[in-house]
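Undergrad: Let me see the structure of the following:
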Amino acid sequence: MILAVPAYLLGTFPTAVLVARSGGHDVTAEGSGNPGASNVARIMGWKAGLLVMAGDLAKGAMAAGVGLAVGGRETAYILGILAVLGHTYPVTRRFKGGKGVATAGGMLTVLYPLVSLVLGVVWFVAARVLKLASVGSLIVAVLFPVGVAVSGEPGWEIGLAAALALLVVLRHLPNLRRLVQGRELRTDGQGPETPPSGESGVN
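TA: Alright, predicted model coming up:
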């Protein structure tokens, strides 16, 4: 598919790195070390975090939207997932990327607008109340394929939704370890300033 490589490369666009750099920060060396919206918000404030989130959402939405326009839902899924893989495993940064939540969320918004609205509210409430964006992301990841199933979508969509949710959960394994140990970084900046090597970040 001629659009596969462009979709993956779109996902590699380093939104968090560029926003942090504009403020004189290295998002990969500060906070959790993860190049995502939550870490940028922790370092630079919520406005910068929202900018990163919007950029990462746009990557998934653009890929899925183009796929939907040129080839229907199957193509939208393929290009959307490739954008998520580009975000999480960017060849431009030695395959060290973010957690894929926002980029997957952009894809979800195109394919399931109502489900995405509900899950967006769930994420916001969980992250706001618990002060742990990673917990909100994990809850949403688990509920994503459930929402697709409840919507009455075909089995292949439920299966791909479950696979995408599994990727997000696997990317959050370091967060799960820190949660169990009581060392997870909070969105309000409380908690350990620097996680152990190889255990970076949320979202």
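
Undergrad: max-length helix in the chain?
TA: Criterion DSSP state H: the longest helix present in the chain is helix 46-88.

Undergrad: I'd like to know which elements it is packed against.
TA: Under the contact criterion of 3 or more Cβ pairs under 8 Å, 6 or more residues apart in numbering; DSSP states H and E, helix 46-88 touches helix 4-11, helix 15-22, helix 37-44, helix 101-111, helix 155-171. Where C-beta positions appear, they are placed from N, C-alpha and C, glycine not excepted.

Undergrad: out of these, nearest to residue 64?
TA: Ranking the helices and strands packed on helix 46-88 by proximity to residue 64 (Cβ to Cβ) places helix 101-111 first, at 4.1 Å.

Undergrad: and that closest one, how far from the chain's centre?
TA: Centroid separation for helix 101-111 versus its chain: 8 Å, with Cα atoms, centre = their mean, to the nearest Å.

Undergrad: Run through who's touching that helix.
TA: Around helix 101-111, the neighbours that count as contacts under Cβ atoms under 8 Å, 6 or more residues apart in numbering are 11, 36-37, 52-53, 56-65, 68, 73, 76-77, 80-81, 83-84, 87-88, 115-116, 119-120, 137, 140-141, 144, 164, 168, 203.

Undergrad: next SSE after it?
TA: Remark: after helix 101-111, the chain's next helix or strand is helix 113-130, criterion DSSP states H and E.

Undergrad: What helices and strands are in contact with that following helix?
TA: For helix 113-130, the packing partners by 3+ Cβ pairs under 8 Å, 6+ apart are helix 101-111, helix 133-150.

Undergrad: Distance to residue 24, mean pLDDT and mean neighbour count added to these, as a markdown table?
TA: Formatted as a markdown table, the helices and strands packed on helix 113-130 follow (distance: least, Cβ to Cβ, whole Å; pLDDT from 0 to 100; neighbours: other Cβ atoms under 10 Å):
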| stretch | distance to residue 24 | mean pLDDT | mean neighbour count |
| --- | --- | --- | --- |
| helix 101-111 | 23 | 95 | 27 |
| helix 133-150 | 23 | 91 | 21 |
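
Undergrad: Tabulate those helices (a markdown table), appending distance to residue 43.
TA: Converted to a markdown table, the helices and strands packed on helix 113-130 look like this (distance: least, Cβ to Cβ, whole Å):
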| stretch | distance to residue 43 |
| --- | --- |
| helix 101-111 | 17 |
| helix 133-150 | 13 |
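
Undergrad: of all those helices, which lies closest to residue 41?
TA: Going by Cβ to Cβ, the one of the helices and strands packed on helix 113-130 nearest residue 41 is helix 133-150, 8.4 Å.
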